[in-house]
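Novice: pasting the structure only:
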């Protein structure tokens, strides 16, 4: 499978715990995006990497959120001290020339 | 402001009929538009795209129309099938910002009646 992959697909955690998600983009894509999606809404941009450089962060990305792409390949998104409001689908997308291709997402539920 | 919106939040069509999903955008600087299909529990799947220098683009059973005068985008699905049932998002992209920003609309839920 040469598409975007994300792990885990589902995560249930208790409020206050830290969680980390991983995204593996399409191998030749140097641009990688993280989005958050809540029920009934379109994806909302969180952050963007070009190779290993994080070039843009949304105001949605509070201090509890951090993303890395250390070698310009896979990326991780960590949420510290999770809150119930963090419950959402977290989507990763990668882009080569023009179009963003999405992974299946990680659904987070914070109890 | 930045806003991509849809005229109809839900759409029900009979199997075999044609579907039309509409989208309005507000940013004249947008130069690239994409339609995505999202099935329950999955990530958005690319369907078709169109650049602002085009009015129409056709794919397999799908056609996207772009009317820049009224900032309107539509997705036409021919001979709609049960597998087409999903939420459809239009997204607009413009390259003036630092990261070629893509903004998604709220989505239209398409339900195909067998």
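Specialist: It's in. The structure presented is a predicted model; accordingly, all values stated were derived computationally and were not measured.
Novice: What pairs with the lengthiest strand in chain B, parallel or antiparallel?
Specialist: Longest strand of chain B, by residue count under DSSP state E: strand B:86-94. With DSSP bridges as the test, strand B:86-94 is paired with strand B:32-38 (antiparallel), strand B:101-104 (antiparallel), strand B:108-113 (antiparallel).
Novice: quick one: low-confidence ranges for chain A?
Specialist: A:1 (pLDDT under 70).
Novice: Can you get me a residue count around the residue of chain B found nearest chain A?
Specialist: The minimum distance from chain B to chain A, using CB to the nearest CB, falls at residue B:104 (3.1 Å). For the C-beta atoms, the positions are set from N, CA and C on the backbone; glycine is no exception. A count of nearby residues for residue B:104, using other CB atoms under 10 Å in any protein chain shown, gives 21.
Novice: Tabulate the strands paired with strand B:86-94 in CSV, adding columns for mean pLDDT and distance to residue B:13.
Specialist: Below are those laid out as CSV (pLDDT from 0 to 100; distance: least, CB to CB, whole Å):
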stretch, mean pLDDT, distance to residue B:13
strand B:32-38, 94, 15
strand B:101-104, 81, 23
strand B:108-113, 95, 6
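Novice: tell me the most buried of those strands?
Specialist: The highest mean neighbour count among these, using mean count of other CB atoms under 10 Å in any protein chain shown, belongs to strand B:32-38: a mean of 23.
Novice: picking up where we left off before, now what about the longest strand of chain B, what contacts it?
Specialist: A:42-43, B:4, B:6, B:21, B:23, B:25, B:27, B:29-40, B:44, B:47, B:73, B:75, B:100-110 (CB atoms under 8 Å, 6 or more residues apart in numbering or on different chains).
Novice: just how off-centre is that strand within its chain?
Specialist: Relative to its chain's centre, strand B:86-94 lies at 5 Å (CA atoms, centre = their mean, to the nearest Å).
Novice: rewinding a little: out of the strands paired with strand B:86-94, flag the one nearest residue A:72.
Specialist: Across these, residue A:72 has its closest neighbour in strand B:101-104 (20.7 Å, CB to CB).
Novice: how about the residues of chain A near chain B?
Specialist: Contacts of chain A with chain B, taken as CB under 8 Å from any CB of the partner chain, map to A:4, A:6, A:33, A:40-45, A:48, A:50, A:55-56, A:91, A:93, A:98-105, A:107.
Novice: got a list of what the residue in chain A that chain B sits nearest to touches?
Specialist: At 3.1 Å from chain B, residue A:42 is the closest residue in chain A, using CB to the nearest CB. By CB under 8 Å, 6+ apart, the residues touching residue A:42 are B:4, B:89, B:91, B:104, B:105, B:106, B:107.
Novice: Would you reformat those residues as a markdown table and include distance to residue A:15?
Specialist: Putting the contacts of residue A:42 into a markdown table (distance: CB to CB, whole Å) gives the following:
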| residue | distance to residue A:15 |
| --- | --- |
| B:4 | 33 |
| B:89 | 30 |
| B:91 | 32 |
| B:104 | 28 |
| B:105 | 31 |
| B:106 | 28 |
| B:107 | 29 |
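Novice: biggest separation within those residues, which pair?
Specialist: The farthest-apart pair in the contacts of residue A:42, when distances are taken by CB to CB, is B:91 and B:106, at 11.3 Å.
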